[in-house]
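**Student:** Coordinates for the following, if possible.
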Amino acid sequence: MFYTIFFVSAVWNGIRTCIQIAISHAIGWHFKHYLVSDNACPAGLRWTGLAWVGVLGWVGCFGWLGGAFRPKVNILYLSSAWFEANVLVLVLVMLKCPHQCRALARTGKRCGITEVSQTRTSDGKAANLSLRQGLRQCLFHLDLFCVAEAKPEHPIVVYLDFETNGLSPLRDHIVEIGLVSHRCDAKFSTVVRPPTISPEPAIHGIPPEELQQGPSFAEAFSRCVHFLEHLLVTCIADDLDSTDEEEVDFESRFRQAPTLLLCAQNGLKFDFPFMLSECVRNNMPLHCFEKWLYVDSLIVFRAASESSCLKLQCLRALAQHREGIAAHRALDDTIVLRDVTTYYAERLGLSVEHLLGSFAGSLDLQQTLLHLGCVL
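**Tutor:** Residues are numbered from 1 along each chain as shown. Below is the predicted model:
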């Protein structure tokens, strides 16, 4: 009987100890991941917490030995008390560590703004406002256009460019829209009348008289959406009419409905947030944004080019020689962007649709509006 009790006690204590050690390791991993990913804690405090977890594991081992060889003096109960005390300490330490911005600064180091920082933006808002609302980036690094990966099979590529009266997607306004289709060379261009027109020369170079004659943004954007919808229908009709050429497997070609893929240079940081912000400020419907896909040609060029300068002005030499192309006019910049993209696609032996489609993304409208709500 004694040996039976000894054996059962040893096995039971061993199982309990293994469970406690596994839990302690899980807490230790979560503790380290929590601090490194989202929170700002001194390195000393971080390693102190991990040391507590390590000691907990060793105490659990000794508790197993004590329970195995001396069942009447069960050290495992001391291990249990130690475990509960450590859990309490770790939870308290986690709660005391403020959330820190997860973005990287220009120096390559992690942004130092936390929930308790006093830094303010140029318009007087607290830079940690988004962190206090549960987001993972400060206002300086907040993504204003959140996309999820998408893999379109046969996108209809349209190049897009805006001229604006400033660099802030939140305060400034679009003064010119330019679109050009990759497949059929269809073009759309219009100036946009901003709420206020400065008589002084602006960075976009568009005369005030020309801006004064343009439509409002709401009207211009409605025309833009109508152009894109008509372009989509026209491209589908052209494919259906091309039966006199090679046989086309339309079943596989249109397994997914053809989608518009908007391509812009630095689009994810500038053009796309600018367009969405203008629509939000003008109380316009946003459902069209969820129908389109988006690609930033700057990201594509970084992957395909070894050039140190990837600004459109630097890449103009790669485009076909064209007369009458002016820099800093929206339609002309889209034509240059199309030619540069075609150059890189041919260099890689890919179609433009396949090249850009590999980097395409769809808009996460709910998350984007949540981010915009912090700054607008």
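**Student:** only C-alpha atoms for contact and neighbour calcs from this point on.
**Tutor:** Noted.
**Student:** can you give me the strands in the chain?
**Tutor:** All strands of the chain, identified by DSSP state E, fall at 147-149, 156-164, 174-181, 187-191, 260-264, 293-296, 361-363.
**Student:** got CSV for these, with mean neighbour count and distance to residue 338 too?
**Tutor:** What follows is these, written out as CSV (neighbours: other Cα atoms under 10 Å; distance: least, Cα to Cα, whole Å):
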stretch, mean neighbour count, distance to residue 338
strand 147-149, 14, 22
strand 156-164, 25, 7
strand 174-181, 24, 8
strand 187-191, 19, 12
strand 260-264, 25, 9
strand 293-296, 25, 13
strand 361-363, 21, 19
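**Student:** okay, these in JSON lines with mean pLDDT and distance to residue 120 next?
**Tutor:** Output for the strands of the chain, formatted as JSON lines (pLDDT from 0 to 100; distance: least, Cα to Cα, whole Å):
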{"stretch": "strand 147-149", "mean pLDDT": "94", "distance to residue 120": "27"}
{"stretch": "strand 156-164", "mean pLDDT": "95", "distance to residue 120": "25"}
{"stretch": "strand 174-181", "mean pLDDT": "96", "distance to residue 120": "26"}
{"stretch": "strand 187-191", "mean pLDDT": "96", "distance to residue 120": "34"}
{"stretch": "strand 260-264", "mean pLDDT": "96", "distance to residue 120": "30"}
{"stretch": "strand 293-296", "mean pLDDT": "97", "distance to residue 120": "29"}
{"stretch": "strand 361-363", "mean pLDDT": "96", "distance to residue 120": "29"}
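**Student:** Where does the prediction get shaky in the stretch 51-200 of the chain?
**Tutor:** Where the stretch 51-200 of the chain drops to pLDDT under 70, the residues are 51-97.
**Student:** what residues does stretch 278-298 touch?
**Tutor:** For stretch 278-298, contacts defined as Cα atoms under 8 Å, 6 or more residues apart in numbering pick out 150, 169-170, 173-174, 217-218, 225, 259-268, 276, 310, 341, 356-357, 359-365.
**Student:** thinking again about what came up before, can I get the strands of the chain in JSON lines with distance to residue 314?
**Tutor:** Shown next, in JSON lines, are the strands of the chain (distance: least, Cα to Cα, whole Å):
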{"stretch": "strand 147-149", "distance to residue 314": "27"}
{"stretch": "strand 156-164", "distance to residue 314": "16"}
{"stretch": "strand 174-181", "distance to residue 314": "20"}
{"stretch": "strand 187-191", "distance to residue 314": "23"}
{"stretch": "strand 260-264", "distance to residue 314": "16"}
{"stretch": "strand 293-296", "distance to residue 314": "17"}
{"stretch": "strand 361-363", "distance to residue 314": "26"}
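**Student:** Residue 205 is nearest to which of the ones you listed?
**Tutor:** strand 156-164 (9.3 Å; Cα to Cα).
**Student:** ok, residue 329 to residue 206 distance?
**Tutor:** 8 Å (Cα to Cα, to the nearest Å).
**Student:** next one: residue 100
**Tutor:** 42 Å.
**Student:** of these two, who's got more company?
**Tutor:** residue 100 (28 against 18; other Cα atoms under 10 Å).
**Student:** The more buried one pairs with what?
**Tutor:** residue 114 (DSSP bridges).
**Student:** So it sits against residue 115, correct?
**Tutor:** Yes - with contact defined as Cα atoms under 8 Å, residue 100 reaches residue 115; the gap is 6.5 Å.
**Student:** Find residues that contact each of the two.
**Tutor:** With Cα under 8 Å, 6+ apart as the test, residue 100 and residue 115 both reach residue 131.
**Student:** what are the ranges of the helices in the protein?
**Tutor:** Applying DSSP state H to the chain gives helices spanning 2-37, 43-69, 76-96, 129-132, 208-212, 217-240, 250-253, 272-281, 287-291, 297-304, 312-315, 330-348, 352-357, 365-375.
**Student:** how near is residue 118 to residue 127?
**Tutor:** For residue 118, the distance to residue 127 - Cα to Cα - is 8 Å.
**Student:** Distance check, residue 279 against residue 225.
**Tutor:** Taking Cα to Cα, one finds residue 279 at 12 Å from residue 225.
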